Every structure is written in structure tokens, then in C-alpha cells.
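K.L.:
Provided below for reference: sequence and predicted model.
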Amino acid sequence: MEKNQQFTTVIEDMNEQGEGIGRVDGYTLFIKDAIIGDCIEGKVIKAKKTYGYGKLIRILEPSPFRVEPLCPSSAPCGGCQLQAMSYRRQLQFKEDKVRNHLARIGGFQTEEIPMKPIMGMGAEKGGPFRYRNKGQFPFGRGKDGRIIYGFYAGRTHSIVETEDCFLGASVNGQILESVRSFMEDYKISPYDEVRHEGLIRHVLIRTGYYTGQIMVCLVINGTELPGGQLLADRLMEIKGMASVSLNINREKTNVILGEKMVYLAGGAYITDKIGDLSYRISPQSFYQVNPVQTEKLYNKALEFAGLTGGETVWDLYCGIGTISLFLAREAKQVYGVEIVPAAIENAKENALLNEITNAEFFVGRAEEVLPDWHSVHPEEKVDVIVVDPPRKGCDETLLHTMLQMKPERIVYVSCDSATLARDLKYLCGAGYGLEQVQPVDMFPMTVSVEVVCLLSKLKSDKQIDAEVDIDEFDLTAGGE
Ligand SMILES: C[S@@+](CC[C@H](N)C(=O)[O-])C[C@H]1O[C@@H](n2cnc3c(N)ncnc32)[C@H](O)[C@@H]1O
């Protein structure tokens, strides 16, 4: 097919980005905003030899799974790829995605994957909308020169103006309007990433789902914000506002937050709860975005850890110690490892806040801290290792050390089922068995899915040692 050619097709599947897949005479087309079951008219916008990308022009017959999106910006905005699909069908899409990854990348037989039905979000507190406790809103200028804010349109950095994102807290709109009118009053420019000029890059807002506390952090391309104290005072009048800060980011980068913080009003953190534990969260720390589903996820991780009170547990990639503290109440000793120093400060404070004395935290890369610790304490028994890495999954050095430590159980929490599948293949190839796979819908309306898995040690320590050595031998041989 050629660019600009028109076509009609029935959408027979969807890819991982949530684009509809249709075929015309054997030629595959990926079509944004089309969902499985739609019959559509489209136009080719990019044509490669064996596949192309199409634009949806008209829906000729809607899919039985099609629903009216709540948000008027859901199509141009890159955030909610699945809002036009019924929630029930979204859940099936996510189960299929996890199963496919485990089979295709992990090498597991589809019918033998011990996967439970996904835990969806109920209607509590506005679910499956209004669940996000965090938003990072880019500021910029519209074509007419006005200051605008919103979200980046899918795969670009052009801002789609969004007055109210239906995934976030409804107070966000009031805060963002306050910042915009302050910028107009004080002639403060938004950041222009092409010219690397202008001051305000992003506004990060966090809300404590259960406590109602709010944090606002303005990310600036400078060292100070003229009139910043006045803005902070204005924001502090909003009910629940507990922290207003600046984050300094002068780099030409897509990374949102810089290293340095300046606190303008309130405290340096907000507090929220998961289950009956309280957590202090600072602007730079990772904290799960969907508190309702997080509680379900952590309870599952706790159940999979199978603790009876006598165990030593490592919680790798521990953030502010959320999972560590959940586990510590039922274990003898928990060690947490996290790369962000501010998060580890929070983790230590959180242990004190919840009167937990059997959790110890280390700052550093998991793939360095754990091997170092194991080389100093080679005989020390570890019963359970929990990992919850970022999207890129675990470093191979870390997986290798985990095998050397031979815990009875490994609990793997993942936000990317492709890297999860890769890492499970590594662990299961060396003596662990995949016992349970539990997807949890942490991100309704989007294509992302969280998964928690239980692995148990199936082979004897001697056999695992042999497998680990073989891996080392293979690596050396490959290098030669
Ligand atoms: C998906 S989050 C999980 C955090 C925590 N378990 C939770 O549920 O809130 C991943 C965490 O890993 C941290 N991280 C990223 N790379 C790391 C590394 N190499 N070693 C240790 N922590 C790392 C991130 O800063 C982030 O806090």
C-alpha cells in the first residue's frame, strides 16, 4: 500500500501500544484509536514494505467493546490508550499481553502458565478512573502564544491541553490554573525545550489518597522562581496543601526531575497510607500511583512470600520501603535496597513512623549492594527475595547473585511483563519453578499492567550451584 491510500478493514487484534491491527490483502496496518472488533475506514500515513500505519477516518461499524470515553482529549492525549474500550475488555487485553510475553519471551508453555485472572479495579472512590495520586504536567506555549499545560500527545512532545485528567485528582485543575495565572501575572515563561529557554518545565502534583495531603513541586530551568514565595502562599490556601517546592533541572534532557530541591512552604514530604501503614513520600521518591490496587498487590506479594515470623527477606528496588514494611511485620528481618537516597531517607523515617525495628535499608544499586553483601556473608541464609525493578527489569549480575543465595522463594513484582518474562526464563532455567502469576490492573485505561509472581526453589542447592557455574562458563566462552 502507499501513503495516503484509503482503505476499509476490520480490526482483528491490538498491539501492545493499544493500536488496532487490521489487514488489507495480507498487508498489516496499525491504526491508532481503532479497537478490536471495529470496522473502519482509514488512510495510510506511513507505508513500509510489509506493514504500515493508518489513521482512523471513520468508524463504519463500532466494535461491541467500544464505549464513549469520559475524557474529550483521550484520543490526542498519549496517556489513555484504551479509554474507548470497555473496562472488562481492557482487562482481557492485559491478561493476553502477560500470557503472550511469558510464552514468547519466557519460553513457558501457554497452557502451563499458572496465571490467575487479573485483579481489576472496582468502582470504589471513582474507580476505574480518578485513581492516580501523581501527575507530571508539562508547561509550554500554544500556537497563539498562550501559556498552556497538559500532557504530551502520544510519541511526541507537543502538549495536548488538558483541563481535567479523569485519571487524576480533581484538585489538579485548580492547582495548575493557579500556577498559570501566577506565570501570567509575573511574566514567567514556560520552558521551550527546543531553545532550552524559559523557566517552568513541569508541575508535579502528588495527593495522599487517604490523607488528602497535597504536594506541588515546580520543576524549573533556573535556580530561583521570581515571586515564588507568593505563589507558594497562594497554593498553601488550597485545602490539604502540605508541601510546595522547586526542583532545579537545568539540563537539556527528557528526564523530568533534577537533583536539587528548594522547599518553599509546608514540609518536605506528604504522608499517605497503604493498609494500616503510613508512608512519607518526598517529590523524588517512587510511590505506586494507584493506592487502591497497590494494597491488593502488596497483600498478594505478602501472601506469596509465605512468611511465618522467622524469615530473613531482601526487598530489592524498595523505593520508600513500602513492600519492606508490609513484610517486616511478619518476618524476622527485612533488608531493603534502593538507588535514590531521598527514598531511603523516607524508608528509614517510615520504619520509625510505623514502629518497625526489624527493617534495615541500604542506598545503592541492587546489582552492587547484594553481591557485595553476599561476598561478605556467604553463609548467611536468605529465605525470601522480593524484587520490584523499573521497566528494564533486573540486572543479570543481580539475578546471578540471587541464584547464588538460593532463597526458598522469589517474589517478582513487575510493571513490564516483557522484561519479567526474560528474567523468569533466567531464574527458571537455573532451578526455580514458576508457581503463581497474578496480574493486577494498576493502570486502568492504559496499556500497562502490573504482575506479581511467585517462584519456588525446585532443585537442591548443589544442582543450582552447578547451573550457576554453567552460566558463568557460558558467559566466559561467549566473551572469547
Ligand atoms: C517500580 S519501583 C518500586 C518501588 C517500591 N517497591 C514500591 O512498590 O513503591 C522501582 C524502584 O527501583 C529504584 N531503582 C532503579 N534502579 C535501581 C537499581 N539499579 N538498584 C536499586 N534500585 C533501583 C527506583 O528508584 C524505584 O524506586
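P.N.:
Perfect, thanks for sending it. Only a predicted model underlies this, so the values are computations on that prediction, with no experimental measurement involved. Residues are numbered from 1 along each chain as shown.

K.L.:
quick one, strands of the stretch 51-200 of the chain?
P.N.:
Along the stretch 51-200 of the chain, counting by DSSP state E, counting those that start in this stretch, strands occupy 51-61, 134-141, 147-152, 159-161, 200-207.

K.L.:
so how far is the first one off the chain centroid?
P.N.:
Mean-position distance between strand 51-61 and its chain equals 30 Å (Cα atoms, centre = their mean, to the nearest Å).

K.L.:
re earlier: worst average pLDDT in the strands of the stretch 51-200 of the chain?
P.N.:
Looking at these, the lowest mean pLDDT belongs to strand 159-161 (a mean of 90).

K.L.:
quick check: buried residues in that strand?
P.N.:
Residues of strand 159-161 classed as buried by neighbour count (16 or more other Cβ atoms under 10 Å): 159, 160. To be clear about C-beta, it is placed using only N, CA and C from the backbone, and glycine gets the same treatment.

K.L.:
contact partners of it?
P.N.:
73, 76-78, 138-140, 142, 148-153 (Cβ atoms under 8 Å, 6 or more residues apart in numbering).

K.L.:
and those, which of them are buried?
P.N.:
The neighbour-count test (16+ other Cβ under 10 Å) marks 73, 77, 78, 138, 139, 140, 148, 149, 150, 151, 152, 153 as buried among these.

K.L.:
spatially, what comes nearest to the most centrally placed residue in the chain if we skip its sequence neighbours?
P.N.:
Centrality entry for the chain: nearest residue to the mean C-alpha point is residue 415, 5.8 Å, by Cα atoms, centre = their mean. In this structure, residue 415 finds its nearest non-sequential neighbour in residue 450, 5.4 Å apart by Cβ to Cβ, 6 or more residues apart in numbering.

K.L.:
burial measure for the one you found, as a count.
P.N.:
When neighbours are counted by other Cβ atoms under 10 Å, residue 450 registers 27.

K.L.:
check the contacts of strand 159-161 one by one and keep those near the ligand.
P.N.:
Near the ligand, judged by Cβ under 6 Å from any ligand atom, there are no entries from the contacts of strand 159-161.

K.L.:
mind putting those in a markdown table, distance to residue 443 included?
P.N.:
Shown next, in a markdown table, are the contacts of strand 159-161 (distance: Cβ to Cβ, whole Å):
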| residue | distance to residue 443 |
| --- | --- |
| 73 | 18 |
| 76 | 19 |
| 77 | 14 |
| 78 | 13 |
| 138 | 20 |
| 139 | 24 |
| 140 | 25 |
| 142 | 28 |
| 148 | 25 |
| 149 | 22 |
| 150 | 19 |
| 151 | 14 |
| 152 | 17 |
| 153 | 19 |
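
K.L.:
what about the residue nearest to the centre of the chain, distance to the ligand?
P.N.:
Per Cβ to the nearest ligand atom, to the nearest Å, residue 415 is found 6 Å from the ligand.

K.L.:
residues in contact with that residue?
P.N.:
Contacts of residue 415 by Cβ under 8 Å, 6+ apart are 390, 391, 442, 448, 449, 450.

K.L.:
same question for residue 129.
P.N.:
Shown in contact with residue 129 (Cβ under 8 Å, 6+ apart): 70, 166, 167, 444, 445.

K.L.:
check the last one and give its pLDDT.
P.N.:
The confidence metric pLDDT takes the value 97 at residue 445.

K.L.:
and the closest residue to it other than its chain neighbours, how many neighbours?
P.N.:
Excluding its sequence neighbours, the residue lying closest to residue 445 (Cβ to Cβ, 6+ apart) is residue 80, at 4.1 Å. By the criterion of other Cβ under 10 Å, residue 80 has 24 neighbours.

K.L.:
got the contact list for residue 80?
P.N.:
Contacts for residue 80 were tallied using Cβ under 8 Å, 6+ apart; they are 69, 71, 74, 167, 445, 446.

K.L.:
still on that earlier bit, pick out whichever of the contacts of residue 129 sits closest to residue 464.
P.N.:
Ranked by distance to residue 464 (Cβ to Cβ), the contacts of residue 129 are led by residue 444 at 39.2 Å.

K.L.:
no further questions, thank you.
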